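>>> Okay, predicted coordinates and the sequence, questions at the end:
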Amino acid sequence: MTVPEPTPDHARGSLLRRVCFMASALALTAAFALALTGIATTRGAVRPNGQAAAIAAAQQRTANESFTGRHHCHRGGRPRNGTSGSGRV
């Protein structure tokens with residue numbers, strides 16, 4: 001059985017690969033830090049009577065109106081030692 005030899009690692013290619021890796025790692029770190037900074041600077045910027053509050057209130061009203069209440073929790077609704085007779089859980 002013949003074992004293939006590994007390809008020779010050229011110094012210039014290796015250095016370029018390392019530089020590209022470091023540049024991408026630094027760019028991702030900077031983007032993450034910038035995103036966190038953007039999140040941190042928005043604290044307290046949402047007004048309670050602004051557009052975001054109005055949208056949230058409308059979504060909450062829609063969610064409350066669409067709730068039909070047809071799913072009921074049967075836990076505690078029947079005796080623990082008896083059976084309900086329907087066999088459903």
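Perfect, I can see it now.
>>> what residue ranges in this protein score low on pLDDT?
Flagging of the chain using pLDDT under 70 yields the residue ranges 1, 8-10, 43-46, 66-89.
>>> let's see it at 90
Along the chain, the model assigns pLDDT under 90 to residues 1-15, 37-89.
>>> Which stretches in it count as helices?
11-41, 51-66 (DSSP state H).
>>> okay, those in JSON lines with distance to residue 4 next?
The way it works is simple: take the backbone N, C-alpha and C, and place the C-beta from them, glycine included. Shown next, in JSON lines, are the helices of the chain (distance: least, C-beta to C-beta, whole Å):
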{"stretch": "helix 11-41", "distance to residue 4": "19"}
{"stretch": "helix 51-66", "distance to residue 4": "61"}
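>>> would TSV of those with mean neighbour count be doable?
Converted to TSV, the helices of the chain look like this (neighbours: other C-beta atoms under 10 Å):
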stretch	mean neighbour count
helix 11-41	10
helix 51-66	10
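>>> looking at these, which is closest to residue 5?
When the helices of the chain are ranked by distance to residue 5, counting by C-beta to C-beta, first place goes to helix 11-41 at 17.1 Å.
>>> Select, out of the helices of the chain, the one closest to residue 2.
Short answer: helix 11-41, nearest of the helices of the chain by C-beta to C-beta, at 25.7 Å.
>>> Pull up the gap between residue 60 and residue 54, please.
Plainly put, residue 60 is 11 Å away from residue 54 if you go by C-beta to C-beta, to the nearest Å.
>>> what is in contact with these two at once?
Taking C-beta atoms under 8 Å, 6 or more residues apart in numbering as the contact criterion, residue 60 and residue 54 have no common neighbours.
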